[in-house]
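In: A predicted structure for the sequence below; I have some questions about it.
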Amino acid sequence: MEGSEEFSAFVTARYASLLRFGHVLSGNPDVAQDLVQDALERTGAAWSRVTRKDAPEAYVRRAMVNSFTSTWRRRRREWLTADVPDQAASPVEPIDALWPLLLALPPRQRAVLVLRFYEDLSESETARVLGVVPGTVKSQTSKGLAALRTAMTRQQARQETTWNR
Amino acid sequence: MEPLAEQLARELRDPRHTLPVSADPLPGLLRGIQRRQRRRTAAILSSATLTVALVAVGSVALGTQNGPAARPAPLTHSPSAPARTAGTPAATASAAPSTPATVGPPVPAGFTGADLTFVSDTRGWALGSAPCRQEPCTSLLRSADGGRTWSGGPAPVALLAQTGTSCGSGPCISSLRFGDALHGYAFGNGPLLTTSDGGQHWTDVPGPSTTSLEPSGGDLLRVVTGQPGCPPGCTFSVQRANTLTGPWATVSAPPLDGVRTLLLRSRDEAYVLAFGNPAGGSGSARAAVIASADRGRTWTARTDPCSPAAQDSPTESDAVSAAIGPDGSLAVLCQARLSGGPVTVRVSHDSGATYGAVSTLPGGVRGQQIAVSSSALVAQVETAGRSRLLRSTDDGRTWSQVASASAGPGSGFLAFSSGSLGRWLPVGSQTVWTTNDGGATWTSHTFRR
């Protein structure tokens, strides 16, 4: 493989960080592993082209996000005809107040919030990763935060109702 | 940022999201990549075979229409023809996986170096410039064999300062460091430039001017100033990042005022020297020295070992360079202010709290920089327009010359990356010098592929 030494160094340096990104994005350790594996294989197969045109990490992140959103679309179609699973789809226990609510958002909106507030990317950098215009990132960020706020309010109201009983 | 977004950022960055990396992912990845490449090759071959078959069928049909005289040779549609046609790309594809690693573009003609950085015994980069039609002419070279051969490639888009010269009105870079094979930093008197892909792409990081930066063990320390230019004098502060990608946080440190800075790191120890301005002629223009024993988290002020009081001498002398040895010792090079005055070296074995006896270099030289190997002190000095290396194996009592190079004014790079392996790049030179025996013998390699 052309540039294999540089690719190996890239994987060694960035693998753990990409895995964490995959986990934050998907909420599932196994899905995170698959996303990283798939994106790195694509990147490695086109390493010389990727490094000529783009920063490899941005390329990998973009591949992960695209793979995640398209996989989600496929799974949603499957879920429409499948029986209700015995267990929750995500094996991860919620560890905070907002993260479980984030995982309930549409994947594209979730990806925008993760890139903006976990990766700390600017609107234009996020737009480049997702292949959209910055205006879309801005509106999706706003809608995503509004959805989180609404979900939090609902959750708090439910908790208050429970306590009142 | 609104509170909800802040809370989200906090939760997403919680360390509990970190997943363990159970095994080396590389072997599996490389197998997957080979599978993909094989599939792609097979797809291309199928496509090529189909095209040839279609062309052949089309030709036969056309030949039939035009009569026997126009019929192409039987080979065109014989079963063996597609097989032979397909044989060529198949051979190419089978050779592809064994293609050697990229050699890279050639070194730009006339390249001269300004700074060096190595992340291992073999992998390193050289920052410099080569004649070009339009500024900036800054160039960046790569080496994968310890500096014996070099290749060109993308460089930070910024003016390059030669030490001691001005950049004019705009910001410029003078130094380069890499923390690993991917993460690099170019800096000088303006914003920091960083790369996260081994130097292929560089990004400006808005913020204060970064005058010194050193990665070590996966974290970063840097010295910054918010002032546009020094001299006449700047106030510096120290910043720390827990990872090679930031974010930066300012740490509390004793005052640091001066005209230029030097940051030294070795394992947990770190030193910052802010050199005074001897051109001001003031005896109070001393170097500020601060030391840390916990990777730059806390700092203590130390005295300037080159001051007349510290040297117990009436001669006004200034700190001009310093280095950490493999044993943790700190060596400081002092230069007398008066032309032709002595160049001295002070060595501390207790993190700069106290220093040993003053050792004096041979007369008629000007001190430029110092390095410490496991067996010797090595000093770069300038005399009669040439840079030379002097070496002492007896704590500075006696010195002998070991290498010399023609170079412009300024110091360049001189350091040991282990007890025995050291490199020297006089600024503006087309040659890198390497030693593998603690500085006793040096081999020169020109910047070329």
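Out: Perfect, I can see it now. All values derive from a computational prediction rather than experimental measurement. Numbering: from 1, shown residues only, chains lettered A, B, ... in the order given.
In: only C-alpha atoms for contact and neighbour calcs from this point on.
Out: OK.
In: hang on, residue A:37 is in a strand, isn't it?
Out: No: under DSSP: H, G, I helix; E, B strand; the rest coil, residue A:37 sits outside any strand and is assigned helix.
In: what helix or strand is the residue lying closest to it once chain neighbours are set aside on?
Out: Ranked by C-alpha to C-alpha, 6 or more residues apart in numbering or on different chains and with sequence neighbours excluded, the top spatial neighbour of residue A:37 is residue B:29, at 6.7 Å. When elements are assigned from DSSP states H and E, residue B:29 belongs to helix B:26-66.
In: Would you state the helices of the chain in chain order?
Out: I went with chain A, as the question did not name one. When secondary structure is read from DSSP state H, chain A shows helices at A:4-26, A:29-45, A:47-53, A:56-81, A:99-103, A:107-117, A:123-130, A:134-164.
In: not quite, I wanted chain B
Out: Using DSSP H, helices in chain B cover B:3-12, B:26-66, B:80-95, B:308-311.
In: From the chain's centroid, how far away is the shortest one?
Out: The offset between the C-alpha centroid of helix B:308-311 and the centroid of the whole chain comes to 35 Å, using C-alpha atoms, centre = their mean, to the nearest Å.
In: can you count the residues close to residue B:385?
Out: 11 (other C-alpha atoms under 10 Å in any protein chain shown).
In: One more: the one 5 residues further on?
Out: Residue B:390 is surrounded by 22 other residues when neighbours are defined as other C-alpha under 10 Å.
In: The one 10 residues further on now?
Out: Counted by other C-alpha under 10 Å, the residues lying close to residue B:400 total 14.
In: quick one: it and chain A, what's the gap?
Out: Counting by C-alpha to the nearest C-alpha, to the nearest Å, the separation of residue B:400 from chain A is 41 Å.
In: Who are the contact partners of that residue?
Out: Counting by C-alpha atoms under 8 Å, 6 or more residues apart in numbering or on different chains, residue B:400 touches B:390-392.
In: hmm, 10 Å instead?
Out: Contact analysis of residue B:400 by C-alpha atoms under 10 Å, 6 or more residues apart in numbering or on different chains lists B:361-362, B:378, B:389-393, B:440.
In: pLDDT value on it, please?
Out: pLDDT for residue B:400: 92.
In: Would you confirm that residue B:253 contacts residue B:297?
Out: Yes: here residue B:253 reaches residue B:297: they are 9.0 Å apart, a contact under C-alpha atoms under 10 Å.
In: Output the below-cut-off pLDDT ranges for chain A.
Out: A:1-4, A:54, A:71-96, A:159-165 (pLDDT under 70).
In: what's the spacing between the most centrally placed residue in chain A and residue A:40?
Out: Residue closest to the average C-alpha location in chain A (C-alpha atoms, centre = their mean): residue A:25, at 2.6 Å. Residue A:25 is 16 Å from residue A:40, where distance means C-alpha to C-alpha, to the nearest Å.
In: again, but for residue B:312
Out: 62 Å.
In: about what we covered before: of the contacts of residue B:400, the lowest pLDDT goes to which?
Out: Out of the contacts of residue B:400, that is residue B:362, at 88.
In: mind listing what that one touches?
Out: B:342-344, B:390, B:398-400.
In: Most neighbours among these, please name it.
Out: Ranked by neighbours (other C-alpha under 10 Å), the contacts of residue B:362 are led by residue B:343, which has 26 neighbours.
In: so the closest residue to that residue other than its chain neighbours bridges to which residues?
Out: In space, and not counting its chain neighbours, residue B:343 is closest to residue B:335: 4.7 Å by C-alpha to C-alpha, 6+ apart. Counting by DSSP bridges, residue B:335 forms beta bridges with residue B:318, residue B:343.
In: Pull the contacting residues for residue B:335.
Out: Neighbouring residues of residue B:335 by C-alpha under 10 Å, 6+ apart: B:306, B:315-321, B:341-345, B:365-368.
In: Also residue A:118?
Out: A:21, A:24-25, A:111-112, B:8-14.
In: quick check, nearest of these to residue B:111?
Out: Taking C-alpha to C-alpha as the measure, residue B:111 sits nearest to residue A:21 out of these, at 40.7 Å.
In: Run a quick neighbour tally on the closest residue to residue B:296 other than its chain neighbours.
Out: Nearest in space to residue B:296, with sequence neighbours left out and distances taken as C-alpha to C-alpha, 6+ apart, is residue B:270 at 6.2 Å. A count of neighbours around residue B:270, defined by other C-alpha under 10 Å, yields 23.
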